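1. Sequence and computational prediction follow.
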Amino acid sequence: MSELLTFIDARFSTMLRDLEQLVNLDSPSDEKSLTDKAMLFFSSRVQELTQAKIAVVKQEQYGNHVKLSIGAGDKQILILGHIDTVFPVGEAQRRSFHVKDGKLFGPGVFDMKCGLIQGLYAIYSVITHHALSKKIVFFINTDEEMGSPTSQAYIEEEALKSDAVFVLEPALGKKGALKTARKGVRRFKVEVEGVAAHAGIDPSKGCSALEELAYQIIYLHGLTDYNTGSTVNVGIANGGHSVNVVCDQAEAEVDLRTVTQREMDRLIALILNLKPRLNHTRITVKEGIKRPPMEKQVSRQLFHQAQQIGSNIGLKIEEASTGGASDGNFTAALGIPTLDGMGAVGNFAHSENEYVDMSYITRKSALLAHLIKAQCVLNE
């Protein structure tokens, strides 16, 4: 057994206590005060165990992001995590952290508070046994579940200075596959302006924005191509204010996902240039969340390294692609070697059934520890 895994195994009960405290702190993306409180607890724990230098990136709308730097030097690696969850205020009190049948439960335990704890103890184990030749930057944001609108620029800035990026998002499937590819995501709002008229007296003088929107929804859904993995989904649509009025305003929200940037660019151009089908209607398309695809070739070398390490600590490392996006999409799009899914093994993220498989926690932490060692420790 490796010395890093032995070290982490010996601290398993402490890891669980740290995780329990973190899970029992609500941290909804849209509740700054609560998210700041959870961040303060975790960043203080990181500083206690690693003597990290803390830089707080203050925010007004969301919680403050935190950059924790361990070691020194011009070169660095980047470890990414988020402390925000999708759950509302009071969720941690309603169904607090608990253990049952070898599984850990509680809001955000899988996505991604267990990953944060695994990341902390991975760093702790490496610096306890080795001197670092590179700096470790542990960047934790508070708006990932919202698309990282205020943290993206900071993540990209740190990534461009890094030799490798490890993302503490949950692994995929019961065996904990690492994520070597993720679809890119773009969001749009389609706004349609028509002409209002009385639906009974003079409907011919009107032009329905809802009818126009219906044509556009059919067109947009027709852009989906399961063979290439490209999907376009209109998830929200509404318009009108009275049944006896020809609708003059309608809108829809569109989700676009693709495997490659080339396909993303092609479909973006089509969506931004929607053409009205009806006379006297006007269409405006506004862009929202932007996450580029994480393409597989960027992570190949890191993944093969993870496979070799895994075989030495009792993990069979597999890879997977997913339609969900993460902050790893940003770093991979910059060409920085990025390995995602380094967090917990479990299932049912974003639901009350969310859980973590306890049996993988220390080994997944040790996997990251050995990857950090490979990047940041000179041959001794």
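-> Here it is on my side, so go on.
2. okay, CA-based contacts and neighbour counts for the rest of this
-> Fine.
3. and I155, how far is that from L80?
-> 8 Å (CA to CA, to the nearest Å).
4. wait, T284
-> 36 Å.
5. the more surrounded of the two?
-> Counting neighbours by other CA atoms under 10 Å for T284 and for L80 shows that L80 has the greater number, 25 against 14.
6. Overlap of the contact sets of I155 and L80?
-> Listed as contacting both I155 and L80 by CA atoms under 8 Å, 6 or more residues apart in numbering are F139, D327.
7. which other residues reach stretch 191-203?
-> Contacts for stretch 191-203 (CA under 8 Å, 6+ apart): 204-210, 212-213, 244-252, 280-285.
8. How about stretch 238-249?
-> 191-200, 203, 206-210, 250-252.
9. hmm, back to that, out of the contacts of stretch 191-203, which are buried?
-> Buried by 16 or more other CA atoms under 10 Å: 206-210, 212-213, 245-252, 281-283, 285, out of the contacts of stretch 191-203.
10. Can you tell me which of these end up in helices?
-> In helices, judged by DSSP state H, the following of the buried ones among the contacts of stretch 191-203 are found: A209, L210, E212, L213.
11. Quick check, the second one in contact with A250.
-> Going back to what we said before, that points to L210. Yes - counting by CA atoms under 8 Å, L210 touches A250, with 5.7 Å between them.
12. spatially speaking, which residue is in the middle of this protein?
-> S326 (2.9 Å; CA atoms, centre = their mean).
13. Tell me the secondary structure of that one, please.
-> The three-state label given to S326 by DSSP: H, G, I helix; E, B strand; the rest coil is coil.
14. Next one: it, what pLDDT does it get?
-> pLDDT for S326: 97.
15. Any idea how far apart the tips of stretch 336-354 sit?
-> End to end - CA to CA - stretch 336-354 spans 31 Å.
16. With stretch 87-99 instead?
-> 19 Å.
17. what's the answer for stretch 198-216, then?
-> 24 Å.
18. Over to stretch 233-251?
-> End-to-end for stretch 233-251, by CA to CA: 14 Å.
19. you'd agree K32 is up against K58?
-> No - in this structure, K32 is not within contact of K58 by CA under 8 Å, at 10.7 Å.
20. between those two, what contacts are shared?
-> Taking CA under 8 Å, 6+ apart as the contact rule, K32 and K58 both touch N64.
21. which one of these two has more residues nearby?
-> A side-by-side neighbour count of K32 and K58, using other CA under 10 Å, places K32 first with 20 against 12.
22. so how far is V89 from that one?
-> Taking CA to CA, one finds K32 at 11 Å from V89.
23. got it, and K286?
-> Taken as CA to CA, the span from K286 to V89 is 31 Å.
24. what's the pLDDT at A269?
-> 99.
25. Doesn't it belong to a helix?
-> Yes - assessed with three-state DSSP, A269 lies in a helix.
26. Could you shift the numbering so residue one becomes 30, and keep it that way?
-> Done: numbering now begins at 30, and the last item shifts to A298.
27. What about it, how many residues nearby?
-> The number of residues packed near A298 is 10, by other CA under 10 Å.
28. and what of G100?
-> Quick note: G100 (other CA under 10 Å) scores 18 neighbours.
29. quick revisit: settle it for me: which of K315 and V118 has more neighbours?
-> Shown here are K315 and V118; by other CA under 10 Å, V118 has more neighbours (15 against 12).
30. Contacts only, for that one.
-> Contacts of V118 (CA under 8 Å, 6+ apart): D55, S56, P57, E60.
31. out of the residues you listed, which is most surrounded?
-> S56 (31 neighbours).
32. That one touches A67, doesn't it?
-> Yes - between S56 and A67 there is a contact under CA under 8 Å: 6.3 Å.
33. list the residues that contact both of the two?
-> By CA under 8 Å, 6+ apart, the residues touching both S56 and A67 are I112.
34. just the helices in the protein please.
-> Per DSSP H, the chain carries helices over the ranges 32-38, 41-52, 61-79, 120-123, 143-158, 181-188, 238-250, 290-301, 329-341, 357-362, 390-405.
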